[in-house]
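Student: Provided below for reference: sequence and predicted model.
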Amino acid sequence: MGKFTFTETGIKDLYIIDNARFDDARGYFMETYNKQDFDAAGLTMNFVQDNQSKSTKGVLRGLHFQKTHPQGKLVRVTKGAVYDVAVDLRPGSETYGKWHGVTLSEENHRQFYVPEGFAHGFLVLSDVAEFVYKCTDFYHPEDEGALFWNDPDVGIDWPITEDMTILLSDKDKKNPLLKDIQ
């Protein structure tokens, strides 16, 4: 069995990645990235920055992107669980405005590759979640772009439960709709 399984999502270049995990009496070991395996799957990105965040249940971060310095992101959860979403914003794409979501957790060890040209965000499902991601470009604060998390034209089916209060940053409360993004 290979170390990684790359599953296409139905949106070009957007992949769910499952890792082989090797368990024994001491715990487990797994690779989360291997350039040769990713290259062989056609994912030839070059990572330049790693980030990590910690959030509590109901925190919704996103949907974010960079305008002229787009970032591809390889994302995963090391503690807890999130519902992770990518929205295709690539001009001329057949799937422009379409989204795909996947649950990432410390139990499933699943990863999500979100390529350049996508808005990205996540909703924390567990009491606490630690979220880790590798980026293909550096963060440029002056280049931030965003999409409203609950845009009816995009129609993301967030798994919001009755016991969940959505917590947004002040900035994310004011994000534009898809029809208002240039």
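Tutor: Thanks, I have it. A quick note: this is a predicted structure, and the numbers were derived from the prediction, not measured. Numbers count the residues shown, from 1 in each chain.
Student: my read is Glu130 is in a strand, agree?
Tutor: Yes - under DSSP: H, G, I helix; E, B strand; the rest coil, Glu130 falls within a strand.
Student: quick one, what contacts it?
Tutor: Glu130 sits next to Gln52, Ser53, Lys54, Val77, Thr78, Lys79, Gly80 when contact means Cβ atoms under 8 Å, 6 or more residues apart in numbering. The way it works is simple: take the backbone N, C-alpha and C, and place the C-beta from them, glycine included.
Student: give me phi/psi at the first one?
Tutor: To tie it back to what came earlier, the one meant is Gln52. Backbone torsions of Gln52, given as degrees, to the nearest 10, read phi -150, psi 140.
Student: pretty sure it contacts Phe131?
Tutor: Yes - between Gln52 and Phe131 there is a contact at 6.8 Å, judged by Cβ atoms under 8 Å.
Student: quick revisit: between the contacts of Glu130, which sits nearest Tyr113?
Tutor: The nearest member of the contacts of Glu130 to Tyr113, counting by Cβ to Cβ, is Val77 at 14.4 Å.
Student: Figure out the helix or strand that that closest one lives in.
Tutor: Applying DSSP states H and E as the criterion places Val77 in strand 73-79.
Student: what's the offset of that strand from the middle of its chain?
Tutor: 8 Å (Cα atoms, centre = their mean, to the nearest Å).
Student: For it, which strands pair with it and how are they oriented?
Tutor: Strand pairing for strand 73-79, using DSSP bridges, gives strand 111-114 (antiparallel), strand 128-135 (antiparallel).
Student: Give me the outermost residue of this structure relative to its centroid.
Tutor: Ala25 (31.9 Å; Cα atoms, centre = their mean).
Student: and that residue, how far is that from Asn108?
Tutor: Relative to Asn108, Ala25 is positioned 22 Å away (Cβ to Cβ, to the nearest Å).
Student: Over to Asp170?
Tutor: 32 Å.
Student: re earlier: pLDDT added to the contacts of Glu130, as TSV?
Tutor: Converted to TSV, these look like this (pLDDT from 0 to 100):
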residue	pLDDT
Gln52	97
Ser53	97
Lys54	98
Val77	98
Thr78	97
Lys79	98
Gly80	98
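Student: Can you lay out those as TSV showing neighbour count and distance to Asp151?
Tutor: As requested, the contacts of Glu130 are exported to TSV (neighbours: other Cβ atoms under 10 Å; distance: Cβ to Cβ, whole Å):
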residue	neighbour count	distance to Asp151
Gln52	9	27
Ser53	14	23
Lys54	13	27
Val77	27	24
Thr78	15	29
Lys79	14	29
Gly80	21	26
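Student: right, and out of these, which lies closest to Leu60?
Tutor: Lowest distance from Leu60 to the contacts of Glu130 (Cβ to Cβ) belongs to Ser53, with 12.3 Å.
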